[in-house]
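Visitor: Need a 3D model of the following:
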Amino acid sequence: MAAMILTFIFIVNSYHYFIYALIISSLVFILRKTQVIGWKKKGEYFLMLLVCIYVFLLVLFSVSPFLRFKEFQGTHLRWNTAEAKVIFYQSGWDKPSRKSSGYAYSDITYAYKIGQHNFTRTELKAEKLYYPVWESKNRIQKLKTKILQRTEQQIAEGKFIVMYNPGNLSESKLFISTKPVYLQGSGLYAFAVMIGIILLLATFCLIFTRKKLQP
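Guide: The predicted structure is shown next:
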C-alpha cells in the first residue's frame with residue numbers, strides 16, 4: 001500500500017503538487033484554531049487536511065493547462081521561451097488498463113533554433129482527450145480525429161509555447177495550450193463523469209425497484 005501511494009505521488013503525478021499540499025496544510029493547521037485535543041487526533045486531523053488539499057490540487061491542475069504551464073515556469077525559472085514551428089503531429093489512442101478510461105492524444109514534433117543551433121524534438125502526448133462513456137472502434141476513431149482537429153486549430157492560431165533549458169539547449173518542452181480550463185483533458189474529470197453516471201443509474205434503478213414493490 002505504501003509503495004502504491006509513493007508511486008502515485010512521485011511518479012504518476014508531479015511530486016510538486018504534494019509539496020504544495022504539504023505547505024498549505026501546514027499553514028492551515030497552524031493558523032486555524034482547532035478544538036482537536038491530543039497528538040493522535042491532531043495527527044489524524046492534519047492527515048485528513050493534507051489528503052483533501054492534495055486531491056483538490058490534483059483536480060485543479062488536471063483541468064487547467066494554464067496552471068500547469070505556470071507551475072512549470074515557477075519551477076524552471078532559468079528556462080526561456082523559444083520561437084518554434086510545428087513540423088508534424090499525429091494522434092493515437094491509449095488505455096493504461098482495462099479498468100481505466102482510454103483517451104486520444106496527439107504527439108507533436110517541433111523545431112526551434114537557438115543561435116546557430118537547430119533542434120527537433122517531439123512532445124509525446126502533448127494533449128489528451130478523454131471520453132469515459134463508451135469506447136467503440138468508431139468512437140475511438142472520432143476522438144482521434146477530434147484531437148487532431150483541436151491540435152491543428154491551436155497550431156494555426158499560434159497558441160503553443162516552447163520553453164528550453166539555457167544550460168542544455170536540446171532540452172525543451174512544448175505546451176500546446178494554456179487555456180484556463182480544459183475538462184476533457186483530465187483523467188480525474190473522466191473518472192468523475194463515470195462515477196456520476198453510475199450513481200445516476202443506481203438511483204434510477206432504486207426508484208424503479210421501489211415503485212415496482214409498492215402494492
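Visitor: where exactly do the strands run in this structure?
Guide: In the chain, the strands defined using DSSP state E lie at 80-82, 84-94, 103-114, 117-130, 161-165, 168-175.
Visitor: Can you get me a residue count around residue 165?
Guide: By other CB atoms under 10 Å, the residues close to residue 165 number 14. For the C-beta atoms, the positions are set from N, CA and C on the backbone; glycine is no exception.
Visitor: What pLDDT does the model give it?
Guide: Among the per-residue scores, residue 165 shows a pLDDT of 96.
Visitor: what's the burial count for the closest residue to it other than its chain neighbours?
Guide: By the measure of CB to CB, 6 or more residues apart in numbering, the closest residue to residue 165 outside its immediate chain neighbours is residue 171, 4.1 Å from it. By the other CB under 10 Å criterion, the neighbourhood of residue 171 contains 14 residues.
Visitor: Hmm, residue 171 is touching residue 164, no?
Guide: Yes: with contact defined as CB atoms under 8 Å, residue 171 counts as touching residue 164 (6.6 Å).
Visitor: returning to that earlier point: for the strands of the chain, which one sits closest to residue 49?
Guide: Closest to residue 49 of these, according to CB to CB: strand 117-130, at 29.2 Å.
Visitor: how far does that closest one sit from the chain's center?
Guide: In terms of CA atoms, centre = their mean, to the nearest Å, the gap separating the centre of strand 117-130 from the centre of its chain is 16 Å.
Visitor: Can you point out the buried residues in that strand?
Guide: Judged by neighbour count using 16 or more other CB atoms under 10 Å, the buried positions of strand 117-130 are 119, 121, 123, 126, 127, 128, 129, 130.
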